[in-house]
Structures are given as C-alpha cells and as structure tokens.
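A.B. asks: what follows is a predicted protein model with its sequence.
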Amino acid sequence: MIGGQGSVRAAMLHEYDVVRLKKELPGTAVPLSSEGTIVHVHDADAQAYIVEFFDENGKTIDHCDVVGDEYLELIWEYKEQ
C-alpha cells in the first residue's frame with residue numbers, strides 16, 4: 001500500500017466517493033490532480049482505500065492502494081438514495 005500516517009481527517013471517505021489526488025503517489029503513473037473513485041475501503045480508521053483513477057475522458061489510469069488522507073481530497077460524496 002502507498003502512503004502513511006495522515007492527520008486527523010475532517011471527512012470520512014466511503015465507497016463510490018469521488019476524490020482528487022492532491023499529493024504524488026510514489027511508484028505510480030497517476031498524475032497529480034487526477035480524479036478517482038473509491039472502489040473499496042480496506043480500513044476507514046486507518047484511511048486505507050483502493051482508488052480507481054481515471055483521465056478526463058473517463059479512461060482508467062490505474063487502480064491504487066492509498067493509505068493516508070494527505071493524498072486524497074473529497075470532491076463528491078456518494079449518497080445512497
């Protein structure tokens with residue numbers, strides 16, 4: 001998994017939330033500011049997720065394990081209807 005310990009998070013992330021990459025992920029080809037969808041929550045308390053990042057055309061760039069809130073910015077929160 002990529003990442004590390006982050007600060008206390010303001011908002012908990014959930015499956016299907018849309019996030020933006022705000023810090024470079026070491027060892028990946030995902031460009032800074034790429035958007036992605038949380039596709040799995042490993043451990044919400046540890047801020048550990050699988051994120052599918054995509055380009056401006058909706059094409060998948062990569063699926064990445066991300067640990068730590070310093071990497072992700074919530075831009076759209078999924079709400080069940």
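C.D. replies: Structure's in. What do you need?

A.B. asks: centre of the chain to stretch 43-54, how far?
C.D. replies: Computed by CA atoms, centre = their mean, to the nearest Å, the chain-centroid distance of stretch 43-54 equals 5 Å.

A.B. asks: ok, now which ones touch Lys23?
C.D. replies: By CB atoms under 8 Å, 6 or more residues apart in numbering, the contact list for Lys23 reads Leu32, Glu70, Tyr71. Bear in mind the C-beta positions are built from the backbone N, C-alpha and C, glycine included.

A.B. asks: what's the helix or strand for it?
C.D. replies: For Lys23, there is no helix or strand it lies in under DSSP states H and E.

A.B. asks: any stretches of the protein with poor pLDDT?
C.D. replies: Applying pLDDT under 70 to the chain flags residues 1-11.

A.B. asks: okay if I get the contacts of Lys23 as a markdown table plus secondary structure, distance to Lys22 and neighbour count?
C.D. replies: As requested, the contacts of Lys23 are exported to a markdown table (DSSP: H, G, I helix; E, B strand; the rest coil; distance: CB to CB, whole Å; neighbours: other CB atoms under 10 Å):
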| residue | secondary structure | distance to Lys22 | neighbour count |
| --- | --- | --- | --- |
| Leu32 | coil | 8 | 10 |
| Glu70 | coil | 8 | 16 |
| Tyr71 | coil | 7 | 23 |
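
A.B. asks: and the strands in the chain?
C.D. replies: Listed in chain order, the strands found in the chain under DSSP state E are 2-3, 18-21, 35-43, 48-54, 60-67, 72-76.

A.B. asks: identify each buried residue in the last one, please.
C.D. replies: So the one you mean is strand 72-76. Buried residues in strand 72-76, defined by neighbour count with 16 or more other CB atoms under 10 Å: Leu72, Leu74.

A.B. asks: just checking, what packs against that strand?
C.D. replies: When contacts are defined as 3 or more CB pairs under 8 Å, 6 or more residues apart in numbering; DSSP states H and E, strand 72-76 sits against strand 18-21.

A.B. asks: returning to that earlier point: make TSV from the contacts of Lys23 and add distance to Ala48 to it.
C.D. replies: Output for those, formatted as TSV (distance: CB to CB, whole Å):
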residue	distance to Ala48
Leu32	21
Glu70	13
Tyr71	11
